[in-house]
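Enquirer: okay, predicted coordinates and the sequence, questions at the end:
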Amino acid sequence: MPVPPLRRRTGRTPDPKPEFTAKQPPKWEQWEILVVFGSILLLMYIWFCYENFHFHITHFYAHLGYPNAQHLVGQRYLRGVGVRRDEAMAAHWFSRAVQNSGPVSGEQNQTLIM
């Protein structure tokens, strides 16, 4: 059985091969470099100084009025973890936590005063 010849398409010319053009890598903007560099520095600070970082975040929330954060800041000042030990500041933060209805802070404040 003979094989029929292949049919040619008429009316179309094959597309020429596109020439290879090397794409330029995208250029980094100055703000992108600063964001990446700042993120790396922040992650290094969090990794190596996690106690200080935790204290600063908790201190921020304590200033916003969260009683749990105020109690934690008082505990940090009372024990001297991540900050210089200061009983006056501990009493201040415990009293602010009591004002914002933190019952555990009231007990801590009473034992600190006595």
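Expert: Alright, I've got the coordinates. Residues are numbered from 1 along each chain as shown.

Enquirer: for residue 83, give me its contacts.
Expert: 55, 76, 77 (C-beta atoms under 8 Å, 6 or more residues apart in numbering). Just so you know, the C-beta spots here come from the backbone N, C-alpha and C atoms, and that holds for glycine as well.

Enquirer: which residues touch residue 101?
Expert: residue 67.

Enquirer: of the contacts of residue 83, the lowest pLDDT goes to which?
Expert: Among the contacts of residue 83, residue 55 has the lowest pLDDT, at 88.

Enquirer: how near is that residue to residue 79?
Expert: Going from residue 55 to residue 79 by C-beta to C-beta, to the nearest Å gives 12 Å.

Enquirer: out of the contacts of residue 83, which are buried?
Expert: 55, 76, 77 (16 or more other C-beta atoms under 10 Å).

Enquirer: just the closest of those to residue 61, please.
Expert: Comparing the buried ones among the contacts of residue 83 against residue 61 with C-beta to C-beta places residue 55 closest, at 11.0 Å.

Enquirer: so the closest one touches residue 74, yeah?
Expert: No: look at residue 55 against residue 74 with C-beta atoms under 8 Å: they stay out of range, at 11.8 Å.

Enquirer: still on that earlier bit, got TSV for the contacts of residue 83, with distance to residue 63 too?
Expert: Listed next are the contacts of residue 83 as TSV, based on distance: C-beta to C-beta, whole Å:
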residue	distance to residue 63
55	13
76	14
77	14
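
Enquirer: now those as JSON lines including distance to residue 42 and secondary structure?
Expert: Shown next, in JSON lines, are the contacts of residue 83 (distance: C-beta to C-beta, whole Å; DSSP: H, G, I helix; E, B strand; the rest coil):
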{"residue": "55", "distance to residue 42": "16", "secondary structure": "helix"}
{"residue": "76", "distance to residue 42": "21", "secondary structure": "helix"}
{"residue": "77", "distance to residue 42": "25", "secondary structure": "helix"}
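
Enquirer: which of these lies closest to residue 3?
Expert: Using C-beta to C-beta, residue 55 is the member of the contacts of residue 83 that lies nearest residue 3, at 84.2 Å.
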